[in-house]
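>>> Quick one: sequence plus predicted model below, questions after.
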Amino acid sequence: MAEQGTTRYALSGAGNRAWTAYLPLFGPEAHASGIGTLVAVADTDPAQLSAVAERWEVPTYRGGVRALLDDARPHVLIVTAPDHAHAEQIEAALAAGIDVLTEKPMTLTAAQAASVVAAERRSPASVRVAHNMRHLNLHQAIKRLLDQGAIGTPTQAHLSYRLRPGHGHSYFLRWHRKAAASGGLQITKSCHHFDLLNWWLADRPQEVVGWTRRVHYQSGPGTDHDRRVPVDADIADTLSAAVRYRGGAVAHYSLSARSPWEGYTLTVQGTRGELTTRYEVSPPDGARMTRHYTIRLSRLDGPVQSVTIPRERGRHSGADLRMITALLRQPAPEQENQAATAVDGAYAVATGEALTRSAAGGGPVAVDELLPGICGPADITAPAATTARRDV
């Protein structure tokens, strides 16, 4: 990425994510100084472009990004367009030698992801994926503990995510409801969770067995208002998967799009013990949000230990600001190591696609077969030398 203070940014996609996370970084009322300058914005919606031009006084482009890239010559393109537009826009920027920060999922399909990685390898520019959940302080603490060998070598992980009814329902009312536009929840939502598992385990997924169902949200007559969806919705609301990793660990994953509370429960079992935690985005009705997270370490040869992590303020529990600091400001080495690369983004997408293919075909799907030309041990982001994972 370009040096701090001199960076010219362009933004593609002026929807909600752009307005809440990226546009406020720029201009006289910027909430984070030292980022750089916004030089252009592209979108397909003229009303959104008009609103951006009025507030930020920058050139706007309707449609794709090629004219923007040619005219504005940014150092970095931030991609916040709908998921199905990511691949083309990323590759256009790379072909022009322009760095990319893209929202997740990096692409809609594994084939597109493999093409992006190949384009990056041909280009002097680079891609970073805004998997902001890597930057939540709870998740960074989990990563440190696992890398330090707090439970030995991980052998199994169990991540069960759920969405509150309002949030889950919203995916079936927006463009996400069509698999052709979003890849289904297993791509547009679960790529977050697959990236976390891959990152925590410091390994690449090898094989996926998955199941998908539509249980909660229906379009038929008599369906309650809070569960009714358009007739063209074709995505599942309940997902389950078993993911086997190259190193032998297995992750068990599930997602329910209708639950009394939002967040996840996590258990990671290792050769020397077990790590557990619960992350709440929204607690059950009547319950209070806790002021801290608790990670519980149960060791085979020692006492149970609780690690308390304060809950931070800000969007996505402080993860967005941490991500901005790590990716858009000059990053410290340890922050740079937390950034999701194009290869990381590709494996998150391919894991979701493997789940889809397995659910349709009824058998295991090899992840690397979906990503031709990417497979290789050098693509794995290993723990830093000072925090090497060990059996202790």
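Done, it's in.

>>> Strands along the stretch 51-200 of the chain, start to end?
60-62, 76-79, 99-103, 127-130, 154-162 (DSSP state E, counting those that start in this stretch).

>>> neighbouring contacts of the shortest one?
With CB atoms under 8 Å, 6 or more residues apart in numbering as the contact definition, strand 60-62 has outside contacts at 40-44, 46, 49-50, 52-53, 67-68, 71. C-beta here means a position set from N, CA and C on the backbone, and glycine is covered the same way.

>>> Equivalent analysis for the last one, please.
For strand 154-162, the surrounding residues in contact (CB under 8 Å, 6+ apart) are 146, 190, 193, 196-197, 200-201, 248-259, 261-271.

>>> switch to 7 Å and redo it
Strand 154-162 is contacted from outside by 146, 193, 197, 201, 249-256, 259, 261-262, 264-271, using CB atoms under 7 Å, 6 or more residues apart in numbering.

>>> and if you look at stretch 132-149?
154, 192, 195-196, 199-200, 268, 275, 277, 279, 293, 295, 307, 309, 312, 316-320, 322-323, 326, 338, 340, 383, 387, 389-392.

>>> Low-confidence ranges, the stretch 101-250 of the chain, go.
Of all residues in the stretch 101-250 of the chain, none has pLDDT under 70.

>>> all helices for it, in order.
110-122, 137-147, 165-170, 179-182, 185-188, 190-201 (DSSP state H, counting those that start in this stretch).

>>> picking that back up, rebuild the strands of the stretch 51-200 of the chain as TSV, extending it with mean neighbour count.
Below are the strands of the stretch 51-200 of the chain laid out as TSV (neighbours: other CB atoms under 10 Å):
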stretch	mean neighbour count
strand 60-62	17
strand 76-79	26
strand 99-103	25
strand 127-130	27
strand 154-162	20
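
>>> Could you export those as TSV, including distance to residue 302?
Listed next are those as TSV, based on distance: least, CB to CB, whole Å:
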stretch	distance to residue 302
strand 60-62	59
strand 76-79	46
strand 99-103	42
strand 127-130	37
strand 154-162	18
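
>>> Out of the helices of the stretch 101-250 of the chain, which is the most enclosed?
Stretch with highest mean neighbour count among the helices of the stretch 101-250 of the chain: helix 185-188 (a mean of 27; mean count of other CB atoms under 10 Å).

>>> Put the alpha carbons of that one into PDB.
Below are the C-alpha coordinates for helix 185-188, written out as PDB (Å, rounded to 0.1, in the frame of the first residue of the first chain):
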ATOM      1  CA  LEU A 185     -25.000 -17.100   3.300                       C
ATOM      2  CA  GLN A 186     -22.200 -19.600   3.000                       C
ATOM      3  CA  ILE A 187     -20.300 -17.100   0.900                       C
ATOM      4  CA  THR A 188     -21.600 -13.600   1.800                       C
END
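
>>> Which other helices and strands does that helix contact?
helix 342-361 (3 or more CB pairs under 7 Å, 6 or more residues apart in numbering; DSSP states H and E).

>>> What is the helix it packs on packed up against?
helix 110-122, strand 127-130, helix 185-188, helix 190-201, strand 205-213, strand 238-245, strand 365-366.

>>> The last one pairs with which strands, parallel or anti?
What it means is strand 365-366. strand 205-213 (antiparallel) (DSSP bridges).

>>> Determine the angle, from 0 to 180 degrees, between the strand it pairs with and helix 190-201.
Relative orientation of strand 205-213 versus helix 190-201 (axes from the mean of the first three to the mean of the last three CA atoms, to 10 degrees): 150 degrees.

>>> May I see the buried residues of strand 205-213?
Within strand 205-213, the residues that count as buried by 16 or more other CB atoms under 10 Å are 205, 206, 207, 208, 209, 210, 212.

>>> Of the contacts of strand 60-62, just say which sits nearest to residue 125.
Nearest to residue 125, judged by CB to CB, of those is residue 68 at 15.4 Å.

>>> Report how many residues lie close to that closest one.
For residue 68, the count of nearby residues is 25 (other CB atoms under 10 Å).

>>> these two touch, right, it and residue 11?
No: between residue 68 and residue 11 there is no contact under CB atoms under 7 Å: 9.2 Å.

>>> What is the burial count for residue 171?
The local packing of residue 171 (other CB under 10 Å) involves 22 other residues.

>>> got a list of what it touches?
177, 185, 257.

>>> switch the cut-off to 10 Å
By CB atoms under 10 Å, 6 or more residues apart in numbering, residue 171 lies in contact with 163, 177, 182, 184-185, 188-189, 217, 229, 233, 235, 237, 257.

>>> Distance-wise, check it relative to residue 243.
According to CB to CB, to the nearest Å, residue 171 and residue 243 sit 22 Å apart.

>>> Residue 211 now?
Taking CB to CB, one finds residue 211 at 13 Å from residue 243.

>>> Quickly list what's touching both of these two.
Taking CB under 10 Å, 6+ apart as the criterion, residue 211 and residue 243 both touch residue 355.

>>> Would you map the strands across the stretch 201-350 of the chain?
Along the stretch 201-350 of the chain, counting by DSSP E, counting those that start in this stretch, strands occupy 205-213, 238-245, 250-256, 262-270, 273-282, 292-299, 305-310, 340-341.

>>> out of those strands, deepest packed?
Of the strands of the stretch 201-350 of the chain, strand 340-341 is the most buried (mean count of other CB under 10 Å), at a mean of 23.

>>> Quick check, residue 266 in contact with residue 294.
No: in this structure residue 266 lies outside contact range of residue 294 using CB atoms under 10 Å: 11.7 Å.

>>> and for the two, which residues touch both?
Counting by CB under 10 Å, 6+ apart, the residues touching both residue 266 and residue 294 are 138, 276, 277, 278.
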